[in-house]
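A.B. asks: need the 3D shape of this:
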Amino acid sequence: MTYIPLPLVIVAGGKSSRMGSDKALLPFGDFKTLTEYQIARLQPYFKSVHVSTKKRDKFDFEALFINDNATYEAHSPLIALLSILEYFNTPVCVLSVDTPFVTPEIFEKLYQTLQESTDAIIATSPTSSHPLCAIYAPSIQENIRTCLKRDEHKIRTVLNQSTTQYVPFEEDTPFLNLNRFEDYVYAKKLLG
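C.D. replies: I've put the predicted structure just below:
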């Protein structure tokens, strides 16, 4: 069985503007929310599972929450990432809440490539790279702070300035991202 001796943080603090409602709170599978679905299916494979959010009070269930650093006003995956790394100060696995088909085996492959000199290990598939299916090391924090000082919120900018390793996967399917309502409907069909 796959076991990754690192914490996993599910990033669930986005604005969900394209979805029209908060995707972290959408029902999924047998669960009341997509967030709970992700926690339940991934918990056995990681040292611990946490949820990163801008506001903890939107969730009506118990979990290990990490709030975004309150110094920053914006909604941004970069702020979430900095807050996560400040919380742990160890390498950490990161997964966006809206990618329900990423498997523990994907993280196992990322983990196998982890080296001390690496700031980030990012999954890629034929059509894209996936900075929110990744492992980040605390060493990337300074580059994130520098970008945020310039009001630059793109993860890719930080990755380009860091020691980043990209790990290719052959299929796009596991990385299906629920951005729009039709993606959500399609994902529920895939789930059966």
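A.B. asks: distance of the closest residue in space to residue 97 that isn't next to it in sequence relative to residue 96?
C.D. replies: Leaving aside its sequence neighbours, residue 97 sits nearest to residue 12 (Cβ to Cβ, 6 or more residues apart in numbering; 4.0 Å). Backbone N, C-alpha and C define where each C-beta goes, glycine included. Distance of residue 12 to residue 96, computed by Cβ to Cβ, to the nearest Å: 8 Å.
A.B. asks: which one of these two has more residues nearby?
C.D. replies: Counted by other Cβ atoms under 10 Å, residue 12 and residue 96 do not tie: residue 12 has more neighbours, with 28 against 25.
A.B. asks: pLDDT wise, what is the more buried one at?
C.D. replies: Note on residue 12: pLDDT of 93.
A.B. asks: cool, the one 3 residues further on as well?
C.D. replies: What the model reports for residue 15 is a pLDDT of 65.
A.B. asks: do residue 2 as well
C.D. replies: On the pLDDT scale, residue 2 gets 80.
A.B. asks: please report the distance of it from residue 110.
C.D. replies: Distance from residue 2 to residue 110, by Cβ to Cβ: 11 Å.
A.B. asks: test my guess that residue 102 contacts residue 175.
C.D. replies: Yes: using Cβ atoms under 8 Å, residue 102 makes contact with residue 175 at a distance of 6.5 Å.
A.B. asks: quick check: closest non-adjacent residue to residue 145.
C.D. replies: With Cβ to Cβ, 6+ apart as the criterion, residue 145 has its nearest non-adjacent residue at 6.8 Å, and that residue is residue 82.
A.B. asks: and the one you found, what does it touch?
C.D. replies: 69, 72, 141, 144-145, 148 (Cβ atoms under 8 Å, 6 or more residues apart in numbering).
A.B. asks: equivalent analysis for residue 11, please.
C.D. replies: 52, 77, 80-81, 84, 94-97, 132.
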